[in-house]
Every structure is written in structure tokens, then in C-alpha cells.
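Peer 1: Quick one: sequence and predicted model below, then my questions.
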Amino acid sequence: MSLHSFSRRLVTVGSIAVSGFVVATTAAQANPPIIVNCNGGGQICDQMARYNFTSESPNFDYALQVTAPATHCSEVKYFTTNRQGQRVETEFLGPNRSAFLPIGDNWQQGNHPIQIGAIGRQGGCNAGTLGSWGVQVRPVIVPR
């Protein structure tokens, strides 16, 4: 599935159930963030967040709604690998901003560890090195 196709499907759902996305965004912000400390230098953190994703059925398309915590003082871009082995990423997100990482379908029912990485961007408190970051994660089913 292309990112354009995925975005178009989310827009369609958003126009049908706008209040559902408002609730989802609020729920994602209520989840405690996963905090990651980076050991290297530069903007690509050498450590990943581990999220335990639970699939209800292999027949659903899934995405992860990722939110930059309010405590972020600079922008980050999140990335992961979808079910097809392709890297997917968000745009740079400031504090309290959310985006979707499409992770695809065919996830067998049950728990699956997913790794999420981050890339920083100079600005705010980021003087050229991403020292730490956080992410709030919420899985969503993408309508077909």
C-alpha cells in the first residue's frame, strides 16, 4: 500500500467520523510516553523504542498513531518498518503533534514487538544532537 493511498483512506474516515479522531488523539496523549535516551551523536538516535502491538486479526490494515509528548522541546521524525519490510516515517512533529505510521496487514492475532526510531532536527533545545526523545503510541485499524 502506498503512503498516498493510506493517507487518502484516513482522510475518508476522518470526514465520516471526525469525532472518532478527536477522541483517538486525546486517548493517545493520555498514554504514558515511551522515553528513549540516545548514546551516540548526531540527529539519528542509536536506540529504538519498543512497542508491544496487539493484532486482533490478520484481515485488518493497521497503523500506529504516534504523538510527540508535550515535554519535547524540539521536533522529531518517527520511523518504523511495516509488515512488508519497508521503512515508513512521519514528517517532523513538534510537541503534542500526531501522525500515523502505516504498518500494514497480515499480522497474526496476538502480540508483536515493534521498534520505533526517531530523528531529531536542530531547533529549540536541540543544538545539533538528539540526546533523548519520547513517543506516545496508539494502534488504529485502517478501513479498507
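Peer 2: Happy to help now that I have it. Residues are numbered from 1 along each chain as shown.

Peer 1: now the strands for the protein?
Peer 2: Taking DSSP state E as the criterion, the chain carries its strands at 34-37, 49-55, 61-67, 76-81, 87-89, 98-104, 110-120, 132-142.

Peer 1: starting at the chain centroid, how far to the fifth one?
Peer 2: Yep, that's strand 87-89 we're talking about. 10 Å (Cα atoms, centre = their mean, to the nearest Å).

Peer 1: what's in contact with that strand?
Peer 2: 3, 77-82, 101-103, 119 (Cβ atoms under 8 Å, 6 or more residues apart in numbering). C-beta here means a position set from N, CA and C on the backbone, and glycine is covered the same way.

Peer 1: The same query, at a cut-off of 7 Å, please.
Peer 2: 3, 77-82, 101-102 (Cβ atoms under 7 Å, 6 or more residues apart in numbering).

Peer 1: From residue 128, how far out is the residue nearest the centre of the chain?
Peer 2: What sits nearest the mean C-alpha location of the chain, by Cα atoms, centre = their mean, is residue 66, with 3.1 Å. According to Cβ to Cβ, to the nearest Å, residue 66 stands 24 Å off from residue 128.
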